[in-house]
Each structure stands twice: as structure tokens, then as C-alpha cells.
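A.B. asks: Okay, predicted coordinates and the sequence, questions at the end:
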Protein chains: 2
Amino acid sequence: MFVNLINKLISTSAKKPPQSIARTVSTTTAMSPAPLQPIFDKLFPKVEELKPDFINVLKQAVEIPAVSGDESLRPMVVKKAKFLASQLESLGFHDIQLKELGTQPPPVNDSNLQLPPVVLSRYGSDPAKKTVLVYGHYDVQPAQREDGWDTEPFELVVDEATQTLRGRGSTDDTGPLTGWLHVVRAHKEAGIEFPVNLITCFEGMEESGSLGLEELIAKEAKQYFKGVDAVCISDNYWLGTKKPVLTYGLRGCNYYQVVVSGPKADLHSGVFGGIIAEPMVDLMQILSGLVDSKGKILIDGIDEMVAPVTEKEKEIYEKIDFSLEELNEASGSNTALYTSKEDILMHRWRYPSLSVHGVEGAFYGQGAKTVIPAKVSGKFSIRTVPDMDSEKLTKLVVDHCNKSFAKLGSPNTCHAELIHDGAYWVSDPFNAQFTAAAEATKVVYGMEPDLTREGGSIPITLTFEQELKTSVLLLPMGRGDDGAHSINEKLDISNFINGIKLMGAYLHFYAQSPEN
Amino acid sequence: MFVNLINKLISTSAKKPPQSIARTVSTTTAMSPAPLQPIFDKLFPKVEELKPDFINVLKQAVEIPAVSGDESLRPMVVKKAKFLASQLESLGFHDIQLKELGTQPPPVNDSNLQLPPVVLSRYGSDPAKKTVLVYGHYDVQPAQREDGWDTEPFELVVDEATQTLRGRGSTDDTGPLTGWLHVVRAHKEAGIEFPVNLITCFEGMEESGSLGLEELIAKEAKQYFKGVDAVCISDNYWLGTKKPVLTYGLRGCNYYQVVVSGPKADLHSGVFGGIIAEPMVDLMQILSGLVDSKGKILIDGIDEMVAPVTEKEKEIYEKIDFSLEELNEASGSNTALYTSKEDILMHRWRYPSLSVHGVEGAFYGQGAKTVIPAKVSGKFSIRTVPDMDSEKLTKLVVDHCNKSFAKLGSPNTCHAELIHDGAYWVSDPFNAQFTAAAEATKVVYGMEPDLTREGGSIPITLTFEQELKTSVLLLPMGRGDDGAHSINEKLDISNFINGIKLMGAYLHFYAQSPEN
């Protein structure tokens, strides 16, 4: 699949935009940005003017700790959904629905835990216009001040010195999500007709596997989402810090846990150390056998599933603006596993990787606790790429863990399982949507965007493409050093404001496009 | 050292108690329990009568979360010291001092963090009487309801069904510590003359390495502690659940951390997975090379430091009442590494063990967080035994970790260090104190105690012995299944009450002993 697609991309890359008649009769020359300039001359200053208001809305949203991975904070996730619904209502969106997704499947502590709702709404319903579905997620990763944040993670701090907005969700994904609301407001206040019908699909479970969303999309494909021409997702980042990008590929993510259980309860290492088999010791043996320090995955059979690199594919990577120095700057260290641009980007985008995230159940605090943990769960994930099959991968992983454990001859018990999976995705970066977004980038940033893939995962991308039979565009707002999922997550004010302009310009160019 | 001691123990084990004149002229026949029976006939019913009051005092003490390992709870540790001081004052103790120990040395977050005070006090100062120093610690291990406790850990719950007292510190060591106060109260209310001069030395840092106490004991050896004839520590447990024991040996504990650092901050595994060297992956390699699943320590040079087992030593182990079933019951599992009684006890008491406690800095929560931790610290400890040298051991451990890390060829950095160490201790189980405690056990429990060692560590035991030039007796109150350092820590009500009687009886027998 992947090799075929790459070949297709190469063969079509020199294609000129078609010059056929545009679908909307009111426009003149399709794909020509010229007639739009007067609109942008009204729209962009309005966006600048509304900057304080836009930051204020983001501030209110960030203050709600909508951590989907923390069951105890579920009410906060729901609160944030309601906050968004009230914002949409005040902007004139209609048919606003908080779609319930039922109870969260195991493993959960509370078997009646409700999934957060998906916020659906419409802005406009003109049959003469194209309909664009915009997706974002309002849930966020966990964050605590003590993790090393300079300021409270759930307060949006305007850092004048760096001209950034710091706070959990600023860039992932509350900032970009609210961007769509600001685009509508800027059009209204500037008195510009909105170029498309907009549908929002804002979910609250993305950081925890988008549970329930796939089913919702399938269900609503011919109902709420009927007539959608294109899907736009703003939930990723520029490759570096200077050049805007459009993204046509994502890795998938299979998240696993391997649980080793022994004694009934935690034990004192003085009393039991040396005479019982310690689950933590077994787990260390299993986790150390998954990947080596050079990043090589040690699970048999995975390499064979990865699509080989073609010569033409290599050429794509040679064109991209990136360097080892940018990676080192982003990681704040000299810990790169590769030195060449091509090796780094290929291992980020088109090869799988395995990360060990942590251990649940063991001592994790400061200082010295002399405990033998009774039950420990090692957490790791594999980023997946074409042509890996999720089910086959899970079988390889589980078998590998079971074999590793069996070799230990331990009296403990071991269970490896998939917590969630999300598929990889690759699209055509020269279709109507990508072309419109490229034009918009030129208008807003004055440069051609790089066409990139992402190492991260937005599993739902593929679902939208398959269920709605539309193309999906990934249109990032933030930069590569924003620190999503990390401490001191930020969004540059310029990216926030230019990102809003970009969203608006993209909608106008796409509205004029002769293709869907 | 150890082999010589064992030989000495064997050669003296048949020795009769000496029949010389007792030091206190008022007593008649030394070492004969008969004249004490009338005292016990008044004392023991009084202890039974005061049971509700004794439990109430313990309840008040347990409610203070005096976790010495948690810097943020340091004020609670100090509060508990003050609570004890007020109790001592109301019982008529005098010269009560809260001895400050200065600031806590690194690693700490707050460089001005004060160590908790040591509570010194006296009860009686009759030069005709022997002086016994009783040691206990009022700090406790960390505990949170969510760790799996059935009830709030910092509330003392009287469980009528099991006739136990459940709560953090119930058995380790708040229950035994307050026991000494109850012994004094029972004597006062029963109108019995207290048989010895009592000195308390209650510390608040035992669970975090007894920082500062060694220096205090050295300093007070010829001041506050001048004239101490014997030290009694009640801070360990019966071997099983039915038979009382006296303990003459302890393992030491060297606690280590190995810190691997890479990127400046935590990173997103989608964006950075596969292209940077992950500290957690390196750490798993290091931790997995410390000990195998059979409990064998993989660090070269440690086995050679352990005193070999002699034939005579083996005989001691053969006499002890213990079985694999008791171990399985205590651990609530069938995860024992050995099946014979001798193997189990030797590996608990006279061989070193290595436990991996956890990882600081990695993801530790429920669910799935796709983080690459930037800096992770693996925590492990080695229980030490004769004739291991702490400094030499630390050099072996650090060298081993450095070598393991060097083999990985990782661009990350690694640093292994000792967090704290406490020495092992072995005594003569047939001296005056042990003999008195054995007599007391016969009176209270109607049986001879087993003479045991402990796998756990009370490093200060050796310090008392060396600095005060006295013998030290370990007189446990709780049972082997009490769950110290674990969830649902408990103390059986019968052990609490009989333990108080035992403390009282031991003081009377020891007062009559012709030897110190």
C-alpha cells in the first residue's frame, strides 16, 4: 500500500492544478488567489484586532483540567465540552449536540465511567457551498506543576519575553481547536460571508485512544456528517520552528501493558527480599528485552512487516528543510540516534519505534521506599507504519513477552495486552485540499509549505477518510518545539494568530477549488 | 566476625544462669521469677483494664501522617513528636527534650529542610536501679488509600472481626513505641514501683535512613545517655503468627539510585520515538542486570564478601519453628524462591538480597501516557550481612552500573549513587537482657521464644551497641503478617496488649538480673 502510494505521489507531483469550472458559480477563475486578496485584507486585520479576545477564550479553556487519562478528572472533561458548546452557541453555530458515547470499556476503576461527549455543531447550511468538517480534541495529557513546569499547567500564561502562550493544551489541541471558532468570529465581525458550511467534531478522548469516536463517525457518516466534502484536522506541528508544513502521513500507535503479579500485597524488602520472586525484577527482564539502546526493536517479525524504502521515496526526504541541529534543539540534548537528515526523518515517520513509558504499581516518589511491589505493569507503545498489521503486531508482542517471561522460570504470573491501537495513515499531498492549504500558506506566511509526515498518531484521520469517503488534510498550527505531552507546553502567539488566518484562507481557497 | 560469634553462641548456649547476688539488694533470689508473680498479678489485669485507653492513644498517634520520606509532610512528623512529648509529660516523664538534628543533607528539594527531632525523656533516676534506654520511631512509611488500603491508612480502625488494629504505623512502629508509655501508666495506676530508670529515644527519621541519629547517640553517649545499662528496641516482628521471638541479628541496607538523563524535558513518543536515545530504555538495561528472577545478585564480588555457613550454624536454623507454608501465607502467594525452612531463613537473614523498588521520573499512573521521560531514576537496595563492607559494596555497585551503561553506547548520561546505608548487626542471644526477655515471654505467653534474626534493617541497633557499650535486645510486639511497609498494616490487639505486659515483665526480670 505504502510503496504504491509513494509511486503515485511521485508520478503526480508535477501535475498542474486543473483549470476546469469551479463548482460555485459565483467565483471567477478557480484556484487563482487574486480575487480573494480583498477578503484577506479585511479578514487578517480583524484577526489581529481580536487577538486579546482570542487569547482570553483560550485561557478560559486551558483552565479546565480536562485530562481524559485520569478517571477522577472526567467531570472536568465534560465541563470543557459544555464550555465549548456555550462558545459555539454564542457565535451562531446551530444544531449543537453533545453526543454521548456510552461507558468506558475496561481497564477502568469505575465500570460505569461515561466517555466524554463529542461536540457536534454546524455553521451555515448553504447547499451551494462545500461542507468542511473540522476536527479537534479538547482533552489533554496529564500535567502537574511538580513534573517540572515553570508555571501552573492549567493556567494559560502569556509569556511576553518569548511571545508564547504556556499551559497544558495550548498547542495540543485546545489552541488549534478554538482557532476554528475564532475564524468564524473574525468573519462575522469583519462582515465577510463564510466561504463554506462548517461542521465541528470535537472529541474529549483523543489522548486516551479516541475511545468511541470511530463508532460515532461510522454512525453519523450518513446522518450528521452527510454531505461533508473534506475533513481538516489541526492537531500536529511544524517539523521545525520556522517553516510551515502540510502533513500527509501519520504513524499509528499500539499501546501495550505487561503486568507481572506475585504476592497479594506490597511487601517489606527486608523481610521478603531474597526469598520470594519479585514481580519488578521479572518486569525489568521483560522490558529490557523489547528494544535496545540504539532504538532497535527486539521483537521478531516486526521488521518484515515494514514497507521497504524505494529510491524515489528517498528523493522526497532529500528536499525537506531539516537538520540534526533542529532535532537536538527540540530535545534539548545531543541524544540523537542518527546524524543525517534522511535517517532522522525516516525513523521518525516511516519506521516503527518502541518507547518504554513507565511502570504502574512500583515506587515512583522521591527518596527511598523499601517496598517490594506486589503487582507491576510496564507500559510501552509501538509507533506503527505501512504495512504493519495491528492484530498481527499484537500477537507478536504478546508472544514475545510471554516467551521472555517463560524463560525466567518465575513463580509469578504475567499478562501482556494491548491497551489501545490507532492505525497509521498516508494521503495524497497534491489533492484539492492540500493545494488550497498550500496557497493559503503562501498568502499568510509568504512561503511554500514543506510536505511532511508525522511520527505521532491521530488514529481518527484514517477513520474519517474511510467512513466519509473524503480526503483529510492535516493543517498544523504550532511549532516543532511546542512541547506537546511534555512540561511547559506552549504555543507561539504568532502561530496562534497566523494559524487562525491560515484556517480562514484555506477555507476560502478550498471553496473556490474545482475539486473536492 | 560473624563465624566467630556463631561459634561463641554455640559454646555458650548450654550455660546456666549465674546464681550470684543481685545488684539490687531488695530482691531475694536472682533470676528466679517466683517473687515477681504477685507484681504481675496486679500489673497484667491493669493492662487489660486500660486497653480502651491504650488503643485511643494509638489512634491519636496514627492519625498524624508522619511520613519522613515525603518532604511536604515534614510538619506532620514534627507534630507527632510534640504529641508524644505531651503524652510523656502527662505520665510524669521528666527532662523531656526535642533534640534538633539540623538540616537534611541532599538529595532534597528544600535545602533548608529540618530533620525531625528526637524525643528524649526520663522516667525515674534512682541510682540503685538499672537504666534501660528504649528506642522506637514515630515516623512511618508513605501510604495512600489508593495504594489498595481497605480503609484510610491514617485512621486507626479497630477491626472487630479479626481483632486487629489497622492503620499506618500500627505495628511499625507507633504501636510498639507507645507501648512503653502504657507500661509506665499501668505501673502508676496499679501502684507498682517501676523496676528500672527508663530513658526514651524516639526518632522521626527511621524510615528514611535515621539521618542524624548516629551523631546524636555519639554526642549524648556520655551526657543524656550516661549510665545506660541496656538498650531495648521494639521495632521488628515475630517470624510467624503464633510464636513469640527474641531477635539477635539484623541485615543492613544499602539503598541506591541509578539516574539516566537525556533530553531536557519529557518528550512525545510520536515525535521523538525512534530518533533519540530514551533514558528509560537504558535504565531498563541497567536494572535488569542487577539481579535475576531466581534472586541471584549479578554484581561481581558480592558473594565473596559473605561469611560462609558453618555446620554449627546450620543446626541453629534446624531448631526454629517455621515452614514454607508460613512464608506463603505471609506473602499471600506461592512465589517463594526456596522450599526448605533452612534455605528460606538463611536467605532472609544471613545472605544478601537485592530488590528493585521502582522508577522515579517515568509515567506511573493508570492508562496510557505516550511520554518519553527525560530523566529516570531507578531505585534499588541491597540487604547486607556479615562480612560485607558498605564502602566496598558501594564501589562494586557503582562500578557495575557504570559498566552496564558503558556497554550500551548511549549518548545519555548515567550516575549511580548510594542514597543511604545502614549496617547489619549480630548479638549474643544468651546475655542478661535476652535471658530476662525469655523469662518474661514464658510468663506472658507460656512458651519459650524462638531466637531469630531479621531480614530487615534497624541500622541504629549497631550504633547503640558501639556508642553506649551496652547490649541491645530486639523485643518484637507484632506478628510476621502485620504488613509493615505494605497496605492494610495492622497490629493484633492481643499482640498489643500482651506486648505491653511483655515489656513490663522484661523490665522486672532484667532489674533482678545479676548481669547488665
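C.D. replies: Good, I have the coordinates.
A.B. asks: Setting aside sequence neighbours, what's the nearest residue to A:Gln37?
C.D. replies: Nearest residue to A:Gln37, sequence neighbours excluded (CB to CB, 6 or more residues apart in numbering or on different chains): A:Val443, at 8.0 Å. The way it works is simple: take the backbone N, C-alpha and C, and place the C-beta from them, glycine included.
A.B. asks: Could you pull up the residues touching the one you found?
C.D. replies: Contacts here follow CB atoms under 8 Å, 6 or more residues apart in numbering or on different chains; on that basis A:Val443 touches A:Pro33, A:Leu36, A:Gln37, A:Phe40, A:Ala505.
A.B. asks: can we see that at 10 Å?
C.D. replies: Applying CB atoms under 10 Å, 6 or more residues apart in numbering or on different chains to A:Val443 gives the contacts A:Pro33, A:Leu36, A:Gln37, A:Phe40, A:Phe44, A:Lys501, A:Leu502, A:Ala505, A:Tyr506, A:His508, A:Phe509.
A.B. asks: Which of these sits closest to B:Gly252?
C.D. replies: Compare each of the contacts of A:Val443 with B:Gly252 using CB to CB and the shortest gap goes to A:Leu502, at 64.5 Å.
A.B. asks: tell me the mean pLDDT over the strand or helix carrying the closest one?
C.D. replies: A:Leu502 belongs to helix A:493-512 when elements are defined using DSSP states H and E. In this model, helix A:493-512 has an average pLDDT of 98.
A.B. asks: before we move on, what about stretch A:375-389?
C.D. replies: If you average the per-residue pLDDT over stretch A:375-389, you get 97.
A.B. asks: Repeat that for stretch A:346-354.
C.D. replies: Model confidence over stretch A:346-354 averages 96 on the pLDDT scale.
A.B. asks: Which helix or strand contains A:Val158?
C.D. replies: strand A:157-159.
A.B. asks: So what touches that strand?
C.D. replies: Strand A:157-159 is contacted by residues A:52, A:55, A:58-59, A:62, A:149-151, A:164-167, A:170, A:488, A:490, A:492-493 when judged by CB under 10 Å, 6+ apart.
A.B. asks: let's go with 7 Å and repeat that
C.D. replies: Residues from elsewhere that reach strand A:157-159 (CB atoms under 7 Å, 6 or more residues apart in numbering or on different chains): A:Ile55, A:Thr151, A:Leu165, A:Arg166, A:Gly167.
A.B. asks: now do stretch A:410-418
C.D. replies: In this structure, residues lying in contact with stretch A:410-418 by CB under 7 Å, 6+ apart are A:254, A:256-262, A:277, A:279, A:282, A:394, A:397-398, A:401-402, A:405, B:293, B:334-335.
A.B. asks: quick check: mean pLDDT across that stretch?
C.D. replies: Per-region confidence: stretch A:410-418 scores 98 on mean pLDDT.
A.B. asks: what comes up buried for it?
C.D. replies: Of the residues in stretch A:410-418, those buried under the neighbour-count criterion (16 or more other CB atoms under 10 Å in any protein chain shown) are A:Ser410, A:Asn412, A:Cys414, A:Ala416, A:Leu418.
A.B. asks: Let me have those in CSV, extended by distance to A:Ile192.
C.D. replies: Output for the buried residues of stretch A:410-418, formatted as CSV (distance: CB to CB, whole Å):
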residue, distance to A:Ile192
A:Ser410, 68
A:Asn412, 66
A:Cys414, 61
A:Ala416, 55
A:Leu418, 48
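A.B. asks: how about the strands of the stretch 201-350 of chain A, start to end?
C.D. replies: Using DSSP state E, counting those that start in this stretch, the strands assigned to the stretch 201-350 of chain A run over residues A:230-233, A:245-250, A:252-261, A:267-268.
A.B. asks: now these as JSON lines including mean neighbour count?
C.D. replies: Output for the strands of the stretch 201-350 of chain A, formatted as JSON lines (neighbours: other CB atoms under 10 Å in any protein chain shown):
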{"stretch": "strand A:230-233", "mean neighbour count": "25"}
{"stretch": "strand A:245-250", "mean neighbour count": "26"}
{"stretch": "strand A:252-261", "mean neighbour count": "24"}
{"stretch": "strand A:267-268", "mean neighbour count": "25"}
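A.B. asks: Tabulate the ones you listed in TSV, adding columns for distance to A:Arg348 and mean pLDDT.
C.D. replies: Compiled in TSV, the strands of the stretch 201-350 of chain A are given as follows (distance: least, CB to CB, whole Å; pLDDT from 0 to 100):
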stretch	distance to A:Arg348	mean pLDDT
strand A:230-233	19	98
strand A:245-250	11	93
strand A:252-261	14	97
strand A:267-268	42	92
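A.B. asks: could I get those strands as a markdown table with distance to chain B?
C.D. replies: Formatted as a markdown table, the entries for these read as follows, by distance: least, CB to the nearest CB, whole Å:
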| stretch | distance to chain B |
| --- | --- |
| strand A:230-233 | 14 |
| strand A:245-250 | 8 |
| strand A:252-261 | 4 |
| strand A:267-268 | 4 |
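A.B. asks: Now tabulate those strands in JSON lines and tack on distance to B:Leu474.
C.D. replies: Supplementary listing: the strands of the stretch 201-350 of chain A in JSON lines, determined by distance: least, CB to CB, whole Å:
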{"stretch": "strand A:230-233", "distance to B:Leu474": "66"}
{"stretch": "strand A:245-250", "distance to B:Leu474": "62"}
{"stretch": "strand A:252-261", "distance to B:Leu474": "33"}
{"stretch": "strand A:267-268", "distance to B:Leu474": "15"}
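A.B. asks: right, so of the ones you listed, which gets closest to A:Met447?
C.D. replies: The closest of the strands of the stretch 201-350 of chain A to A:Met447 is strand A:245-250. By CB to CB, the value is 10.7 Å.
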